[in-house]
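J.: What would the 3D arrangement of this be:
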Amino acid sequence: MHILHISAECYPVAKAGGLADVVGSLPRYQRQSGVDSWVVMPAYRTPFVEQHRFEVVHRGFARLGGSWFEYRILREETDALGFPLYLVDIPGLLDRSAIYGHADDFERWAAFQIAVLEWVRSFERKPDLIHAHDHHAALIPFLMTACPEYEALVGIPTVLTLHNGEYHGEYDLGKRFALPWFHPEKAGLLDWGGRFNALSCGLRTCWKFTTVSPTYLKELTQGANGLEHLIRAEWGKGSGILNGIDTEIWNPETDPLIAERFGAKNLAKGKAANKKALCKEFALDPGLPTFVFIGRLVREKGADLLPDLIGTFLAEHEGKANAIVLGTGDPELHHRLSHMSRAHVGYFDASLQYNERLSHQMYAGADFLLMPSRVEPCGLNQMYALRYGTIPIVRDVGGLHDTVVDIGEEGGNGIRFTHFSLEDALHAMGRAYDLYEDASAMAKLRKRAMAQDFSWDRSATAYIDLYRSLCRT
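T.: Here you go, the predicted structure:
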């Protein structure tokens with residue numbers, strides 16, 4: 001099979017969240033199973049793009065609204081990521097360093113998708129399936145089925161994956177006139193509640209849709225930022241396939257970004273050495289239990305709970321615990337966390353940046369990872385933590401429910417709490433503190449955590465099975 005993955009992100013080319021990690025790993029594992037998977041994404045101006053060689057494989061012009069734009073398709077020459085990587089270069093629209101947050105994002109994503117389809121329709125042998133990721137690529141199933149100029153592609157199956165159902169690609173309904181001409185009776189597919197909604201359109205026109213965990217698929221029927229009814233109506237097309245992690249990149253035995261490599265056989269020594277290095281970097285005491293948060297400082301991640309949660313916990317356990325926060329996001333949270341760093345010198349610090357090296361060191365050196373998420377479609381951080389023998393403390397939601405089993409249950413590998421509240425989260429941290437005091441129980445739990453298998457092998461197979469079922473229809 002020949003599969004095209006269409007995405008706004010792909011690690012290490014450009015990353016804002018977990019979408020990049022998935023698209024940077026899944027195609028490589030699929031190729032190991034004999035599937036010819038390619039990735040197609042925008043040509044941003046990122047260090048990866050500037051440091052690698054690309055050849056131009058296609059040039060063309062396409063229309064967006066009342067004007068034409070020029071595009072080029074670039075292929076990375078060495079297949080450095082383990083799969084063919086193609087970039088869509090559109091000067092003035094996609095050639096920026098920041099992935100999101102531009103005033104003309106509608107035009108950027110629309111032009112990207114139109115350019116992809118213009119290129120694909122030039123293929124002598126069409127792909128067997130197109131796999132679109134999130135709302136940035138969700139118009140592709142619509143364009144393929146509603147626009148006469150893409151009628152040669154109408155028989156190609158499409159799969160749409162919702163990595164985060166909170167973001168829909170919602171705009172003024174008048175934006176629909178910028179798209180290539182489509183059959184007028186199809187116009188309603190672009191409308192959701194009187195607004196242009198790319199994700200709702202994709203859900204209604206794709207052959208199948210997937211979410212990144214089974215529990216998240218169920219949760220979307222009750223909370224999808226206004227698309228709950230649609231998810232229920234399209235339920236028969238949906239599948240929940242749990243994400244995996246790249247166990248080649250996230251491997252404490254070979255990780256070049258951590259102070260000392262380790263595995264199950266030298267777990268205690270390796271964790272101690274990495275904790276010492278981590279605490280030295282932040283001037284903390286490695287003899288204390290160390291809690292960390294790694295991720296975007298945004299509401300959906302529960303980051304707004306962190307100042308009160310960590311501040312209260314450190315006050316209750318004065319001089320007996322450490323905490324570190326790594327991430328960027330809400331400016332108000334930046335301010336509060338910076339203030340906490342000054343108020344709890346020697347026990348708390350915040351690194352308000354995106355830092356891949358430091359994130360690896362924190363997974364390797366911390367005792368506990370905090371994930372108090374309001375919404376968590378899958379979550380990869382808890383899988384990384386378990387891989388490095390760091391115990392996750394998570395809210396029982398989405399993919400966290402599917403991957404973290406509470407230590408009070410058989411086979412427990414972490415600590416879960418139910419309600420998004422300061423009280424529940426504090427209680428969970430208290431349980432972790434008590435666990436840390438029992439060295440024997442902590443050692444056994446770490447070994448069990450590292451034995452978990454969250455590799456992409458199983459998930460890649462599930463996607464391939466889905467592809468095959470569609471390609472036979």
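J.: C-alpha only now, for contacts and for neighbours.
T.: Noted.
J.: what about the helices in the stretch 201-350 of the chain?
T.: Secondary structure of the stretch 201-350 of the chain (DSSP state H, counting those that start in this stretch): helices at 214-220, 228-233, 267-282, 306-316, 331-343.
J.: my read: Ala364 touches Thr390, true?
T.: Yes - contact criterion Cα atoms under 8 Å: Ala364 and Thr390 qualify, at 7.1 Å.
J.: So which of those two has more stuff around it?
T.: Ala364 (33 against 30; other Cα atoms under 10 Å).
J.: any idea how far the residue nearest to that one when sequence neighbours are not counted is from Lys237?
T.: Once flanking residues are discounted, Ala364 sits nearest to Tyr388: 5.3 Å by Cα to Cα, 6 or more residues apart in numbering. For Tyr388, the distance to Lys237 equals 36 Å [Cα to Cα, to the nearest Å].
J.: Looking at these two, which is more packed in?
T.: Tyr388 (32 against 16).
J.: so what's the more buried one up against?
T.: For Tyr388, the contact set (Cα atoms under 8 Å, 6 or more residues apart in numbering) comprises Asn251, Pro252, Tyr363, Ala364, Ala449, Met450.
J.: May I see the PyMOL selection of the buried members of the residues you listed?
T.: The PyMOL selection below is limited to those of those classed as buried (16 or more other Cα atoms under 10 Å):
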select buried, resi 251+252+363+364+449+450
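J.: Return the closest of the contacts of Tyr388 with respect to Ala272.
T.: Ala364 (9.3 Å; Cα to Cα).
J.: three-state assignment of the closest one?
T.: Classification of Ala364 by DSSP: H, G, I helix; E, B strand; the rest coil places it in helix.
J.: One more: Leu160?
T.: Applying three-state DSSP: Leu160 is strand.
J.: can you count the residues close to it?
T.: 29.
J.: Spatially nearest residue to Pro392, not counting backbone neighbours?
T.: Nearest one to Pro392, counting by Cα to Cα, 6+ apart, is Leu369 at 4.6 Å.
J.: Same question for that neighbour, what's its three-state structure.
T.: Judged by three-state DSSP, the three-state class of Leu369 is strand.
J.: Could you list the low-pLDDT ranges of the stretch 251-400 of the chain?
T.: Within the stretch 251-400 of the chain, no stretch has pLDDT under 70.
J.: Next up, the contacts around Leu386.
T.: Pro392, Asn413, Arg446, Ala449, Met450, Gln452.
J.: So what does the fifth one have for phi and psi?
T.: Put plainly, it is Met450. When read as degrees, to the nearest 10, the backbone of Met450 gives phi -70, psi -20.
J.: Was I right to think it contacts Arg387?
T.: Yes - judged on Cα under 8 Å, Met450 makes contact with Arg387 at a distance of 4.8 Å.
J.: what's the pLDDT at Gly66?
T.: Note on Gly66: pLDDT of 89.
J.: That one reaches Pro180, doesn't it?
T.: No - in this structure, Gly66 is not within contact of Pro180 by Cα under 8 Å, at 10.1 Å.
J.: More neighbours: which of these two?
T.: For Gly66 versus Pro180, neighbours defined as other Cα under 10 Å are more numerous around Pro180 (19 against 8).
J.: which SS class is the more buried one?
T.: Using three-state DSSP, the structure places Pro180 in coil.
J.: residues contacting it?
T.: Contacts for Pro180 (Cα under 8 Å, 6+ apart) come out as Arg63, Leu64, Gly65, Leu143, Cys147.
J.: That one and Trp38, how far apart?
T.: 25 Å.
J.: is it true that Asp465 lies in a helix?
T.: Yes - residue state for Asp465 (three-state DSSP) corresponds to a helix.
J.: neighbours around it, how many?
T.: Asp465 has 12 nearby residues by other Cα under 10 Å.
J.: confidence score at it?
T.: Asp465 is assigned 97 on the pLDDT scale.
J.: before we move on, what about Gly17?
T.: Gly17 carries a pLDDT value of 82.
J.: What about it, how many residues nearby?
T.: Close neighbours of Gly17, defined as other Cα under 10 Å, add up to 16.
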